[in-house]
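Trainee: Sharing a sequence plus its predicted fold:
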Amino acid sequence: MKLTVNGEAHEITAATLAELLAALDYEGNWLATAVNSDLVHATERALFQLKDGDRIEILSPMQGG
Amino acid sequence: MIELYGTKLPSRLLLGTAQYPSPAILADAVKASCASAVTVSLRREMAGGKGGEKFWSLIQSLRLHILPNTAGCHSVKEAVTTAKMAREVFGTNWIKLEVIGNHDTLQPDVFGLVEAARILCDDGFAVFPYTTDDLVVAERLLEAGCRVLMPWCAPIGSALGPVNITALRSMRGHFPDVPLIVDAGLGRPSHAALVMELGFDAVLLNTAVAKAADPVGMARAFGKAVDAGREAYRSGLLEPRDLAVPSTPTIGRAVFQ
């Protein structure tokens, strides 16, 4: 399945958003996720089905003004 | 003491957390400033990365109020989604709402700002809108549900200080009961003192402290300036006049011939 994760193209097998995070070695309760520009809550990741062409953003706390 | 969305903060200084030479200097600067809230952002995390975790641990150790921002968002959709992601990660409904309209000046797209503010206020956010000093935009933001306004005084990071004091004074006069925080453009402690003397409720700044030769010293200086400006405002400033008025009594003056 072709996915875009944080702007980079990936060819990866992951049925759900939670599986994608695990496959890419993302972990921690400080991460926020969005699929196709909409928030996906942490509690929904295990059931959130990914499909070919999805754009995923994985964000974490950073310095800001 | 200042109350923002029902939360009482002991200090009228809000400090940004970006561009410091090191995390340790950031932490020391925040403490020296006596700021009561810090701004943070969300950015892409690398696969397997721990950068976000380290920064978040540092911020949590400061035990201050967190004001996440939507910096860099140029559309309503981007800003709204970023705000929702921030609420989940940072556990606060506070959001410094930025919808940028111009790459060079980083001035807000006030039309998108009002639209995003309405969406987020309806969704339960406490919106701190980064706006201009335009009174009509301010009215629209209040109608959208904002209970705090954050006008710029100059472009972000410019250090120009208040470039339109008349507009700031007018804003204060038009919205006497709305907490007004000057956000962006402050370069010197005297700038902060000036806007506080105008009656603004607080200031939010970042670059002027973070990029100083000694960020900790500058943070302390800004903290003192904010306090001084506020106390001066509350104490009643003397209005300027064109002619001199002798301060030493003229009665009883000796006459030598």
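Mentor: Arrived safely, thanks for sending.

Trainee: which residues does B:Leu106 contact?
Mentor: Each residue near B:Leu106 by CB atoms under 8 Å, 6 or more residues apart in numbering or on different chains is listed here: B:Ile100, B:Pro155, B:Ile156, B:Gly157, B:Ala184. All C-beta atoms are positioned from the backbone trio N, CA, C, and that covers glycine.

Trainee: do B:His191 as well
Mentor: Per CB under 8 Å, 6+ apart, neighbours of B:His191: B:Cys153, B:Gly161, B:Pro162, B:Gly185.

Trainee: And those residues, which is closest to chain A?
Mentor: Nearest to chain A out of the contacts of B:His191 is B:Gly185 (CB to the nearest CB; 11.5 Å).

Trainee: Not counting its neighbours along the chain, what's nearest the closest one?
Mentor: With CB to CB, 6 or more residues apart in numbering or on different chains as the criterion, B:Gly185 has its nearest non-adjacent residue at 2.7 Å, and that residue is B:Ala154.

Trainee: For burial, what's the neighbour tally of whichever residue of chain B sits closest to chain A?
Mentor: Nearest to chain A in chain B, going by CB to the nearest CB, is B:Gly52, at a distance of 2.4 Å. Applying other CB atoms under 10 Å in any protein chain shown, we find 23 residues neighbouring B:Gly52.

Trainee: centre of the chain versus the helix or strand bottoming out on mean pLDDT in chain B, how much separation?
Mentor: Sorting the helices and strands of chain B by mean pLDDT, DSSP states H and E puts helix B:51-62 at the bottom, at a mean of 92. Offset of helix B:51-62 from its chain centre (CA atoms, centre = their mean, to the nearest Å): 22 Å.

Trainee: And the closest residue in space to B:Gly52 that isn't next to it in sequence, how close does it get to B:Gly199?
Mentor: Taking CB to CB, 6+ apart, and ignoring the residues beside it in sequence, B:Gly52 has A:Ser60 as its nearest neighbour in space, at 2.4 Å. Distance, A:Ser60 to B:Gly199, using CB to CB, to the nearest Å: 39 Å.

Trainee: If you tally nearby residues, what's the number for the residue nearest to B:Met171 when sequence neighbours are not counted?
Mentor: Counting by CB to CB, 6+ apart, B:Met171 lies nearest to B:Asp133, which is 5.4 Å off, once chain neighbours are set aside. Residues within reach of B:Asp133, counting by other CB under 10 Å, total 22.

Trainee: B:Asp133 belongs to a helix?
Mentor: No. Counting by DSSP: H, G, I helix; E, B strand; the rest coil, one finds B:Asp133 to be coil, located in no helix.

Trainee: Before I go, just wanted to say thanks for your time.
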